[in-house]
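Novice: below are the sequence and a predicted model; questions follow.
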Amino acid sequence: MKITVTSDTHSLHMHAKTPGGEIFVHAGDMTERGGWDELAAFNDWLGTIDYKHKIVIAGNHDFCFEKNLDRARGVLTNAILLHDQEIVIDGVKFYGSPWQPEFCDWAFNLPRGEPLRNKWRMIPDDTDVLITHGPPMGHGDKIRNAESVGCEDLLARIKVVKPKIHVFGHIHEGHGITTEGVTQCVNASFANYLYKPAYQPFEVEL
């Protein structure tokens, strides 16, 4: 199974190269400031790309999902929205969650420690493809001053669940692929730290 993965397109999705195929995954921050018009434009674009299945989670810029999740689902008609939810496609279990450690007053932020651990406990033990907005500690999580800002508790849960692929974004500077045991960790950020289109979607194989 080939999966096209991206994240953090920030309303720049029209610059992404999407060859088409079976599954497309977007790991959040499809908008710049979470406006409903931005979400509608992203949904229109999703309708033009040729994939059998399209899976999306929200990110910290996507305030519209936090304000009114039901309305956002109604706008996002061309993809499957996973919000602390799973879906099985051809025997492969995908699980998506939008949360990350709090920073300023962004959407889907939670304090480190028990609030985030409670979210990560919801990840099923048999997850094959994990989609979160933020990275685990030590994987694609270094900001410009080289500080790692990923989530320690997410890393701990990955070590237990051992998904085959973990897709995330959030930290634009961390774009790239690393491994944690059997898990391929993919920071699929599309924009760079200047919010310019800098990286194309990855094609990963399960």
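Specialist: In hand now; what should we look at? Since the model is a prediction, treat every value here as computed from it, not as a measurement.
Novice: any idea how far residue 125 is from residue 132?
Specialist: According to Cβ to Cβ, to the nearest Å, residue 125 and residue 132 sit 16 Å apart. To be clear about C-beta, it is placed using only N, CA and C from the backbone, and glycine gets the same treatment.
Novice: the two: which has the busier surroundings?
Specialist: Neighbours were counted for residue 125 and for residue 132 using other Cβ atoms under 10 Å; residue 132 has more, 29 against 10.
Novice: need the per-residue pLDDT for that one.
Specialist: pLDDT recorded at residue 132 is 98.
Novice: can I assume it is in contact with residue 60?
Specialist: No - if you go by Cβ atoms under 8 Å, residue 132 and residue 60 don't touch, sitting 11.4 Å apart.
Novice: joint contacts of those two?
Specialist: Counting by Cβ atoms under 8 Å, 6 or more residues apart in numbering, the common neighbours of residue 132 and residue 60 are 98, 100.
Novice: can you name the residues bridging to residue 21?
Specialist: residue 51 (DSSP bridges).
Novice: list the contacts for residue 66?
Specialist: Contacts of residue 66 (Cβ under 8 Å, 6+ apart): 34, 58, 107-108.
Novice: please give the element, helix or strand, for residue 130.
Specialist: Using DSSP states H and E, residue 130 sits within strand 129-132.
Novice: next: residue 39.
Specialist: Assigned by DSSP H and E, residue 39 belongs to helix 36-46.
Novice: alright, calling it a day.
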